[in-house]
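K.L.:
got a structure for you, letters missing:
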């Protein structure tokens with residue numbers, strides 16, 4: 001009987017040794033815990049993608065003259081010096097030779113001279129969203145027409161290098177309602193933007209005809 005117990009003890013010891021050896025790899029390397037899977041990174045969302053364009057936007061009704069009345073931005077200089085920025089007039093037209101673009105003329109004053117900047121906004125598959133193309137794709141400016149009633153106001157988002165600017169335009173400088181201004185301020189606050197311009201502008205005399213030397217065909221370059 002004692003011999004039987006000794007045999008059983010030897011078998012148990014041999015099994016333990018085998019199990020111990022199986023936990024070590026060739027060359028003496030010990031097994032390691034499995035690495036934990038990294039959580040997939042959330043896709044980056046541009047702020048402009050959160051700005052929904054107005055429903056059923058009619059670009060033909062957007063054409064004509066618009067006066068820039070207020071701007072909201074995270075740019076500290078613009079926020080602190082907005083009241084010193086010259087008034088700006090934007091005119092939108094639909095070119096006869098293309099149904100996929102908007103021609104944009106922006107007139108403003110600089111150093112006591114009138115300047116006109118000519119640009120082209122390209123339509124995108126999303127109605128109410130436009131693109132001002134730069135010399136490289138990363139220099140594009142994305143534009144969203146967020147709200148408008150066509151006859152008195154338009155609120156538009158502009159994004160460049162992932163940074164948002166919110167602009168309020170009016171068909172004139174003296175018929176903008178208080179609810180519209182409040183709505184603009186609420187949108188700016190929601191985006192964490194500071195108001196740059198004050199309404200109404202004093203002496204809002206826009207430029208008329210501009211000398212050819214002060215006309216610029218402009219695309220984003222920086």
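P.N.:
Cool, the structure landed. Computed from a predicted structure; not experimentally measured. Residues are numbered from 1 along each chain as shown.
K.L.:
can you tell me how far residue 70 sits from residue 181?
P.N.:
7 Å (Cβ to Cβ, to the nearest Å). To be clear about C-beta, it is placed using only N, CA and C from the backbone, and glycine gets the same treatment.
K.L.:
next one: residue 61
P.N.:
From residue 61 to residue 181 the distance is 22 Å (Cβ to Cβ).
K.L.:
of those two, who's got more company?
P.N.:
Between residue 61 and residue 181, counting by other Cβ atoms under 10 Å, residue 181 is the more crowded of the two (16 against 11).
K.L.:
how about that one, secondary structure?
P.N.:
Put simply, residue 181 is helix when judged by DSSP: H, G, I helix; E, B strand; the rest coil.
K.L.:
and the strands in this protein?
P.N.:
Using DSSP state E, the strands assigned to the chain run over residues 64-73, 88-93, 101-110, 113-123, 129-132, 141-148, 153-160, 163-170, 194-195, 215-217.
K.L.:
same list (the ones you listed) but as JSON lines, adding mean neighbour count.
P.N.:
Shown next, in JSON lines, are the strands of the chain (neighbours: other Cβ atoms under 10 Å):
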{"stretch": "strand 64-73", "mean neighbour count": "22"}
{"stretch": "strand 88-93", "mean neighbour count": "17"}
{"stretch": "strand 101-110", "mean neighbour count": "17"}
{"stretch": "strand 113-123", "mean neighbour count": "16"}
{"stretch": "strand 129-132", "mean neighbour count": "20"}
{"stretch": "strand 141-148", "mean neighbour count": "21"}
{"stretch": "strand 153-160", "mean neighbour count": "21"}
{"stretch": "strand 163-170", "mean neighbour count": "22"}
{"stretch": "strand 194-195", "mean neighbour count": "18"}
{"stretch": "strand 215-217", "mean neighbour count": "12"}
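K.L.:
out of the ones you listed, point me to the one whose mean pLDDT is lowest.
P.N.:
The minimum mean pLDDT among the strands of the chain belongs to strand 215-217 (a mean of 78).
K.L.:
list the neighbouring strands of it plus their orientation.
P.N.:
Here strand 215-217 has these sheet partners by DSSP bridges: strand 113-123 (parallel).
K.L.:
what's in contact with the partner strand?
P.N.:
Contacts to strand 113-123, defined as Cβ atoms under 8 Å, 6 or more residues apart in numbering, come from residues 59, 100-109, 130-133, 143, 207-208, 210-211, 214-219.
K.L.:
how about the nearest residue to residue 146, chain neighbours excluded?
P.N.:
residue 155 (4.7 Å; Cβ to Cβ, 6 or more residues apart in numbering).
K.L.:
pretty sure the one you found is touching residue 183, no?
P.N.:
Yes - if you go by Cβ atoms under 8 Å, residue 155 and residue 183 touch, sitting 7.5 Å apart.
K.L.:
overlap in contacts of those two?
P.N.:
residue 147.
K.L.:
and for residue 177, the neighbour number?
P.N.:
12.
K.L.:
check contacts around the closest residue to it other than its chain neighbours.
P.N.:
Nearest residue to residue 177, sequence neighbours excluded (Cβ to Cβ, 6+ apart): residue 152, at 7.3 Å. Contacts for residue 152 were tallied using Cβ under 8 Å, 6+ apart; they are 170, 171, 172, 175, 176, 177, 180.
K.L.:
so the second one touches residue 180, yeah?
P.N.:
To tie it back to what came earlier, the one meant is residue 171. No - with contacts counted by Cβ under 8 Å, residue 171 stays clear of residue 180, the gap being 11.5 Å.
K.L.:
higher neighbour count, these two?
P.N.:
residue 180 (21 against 16).
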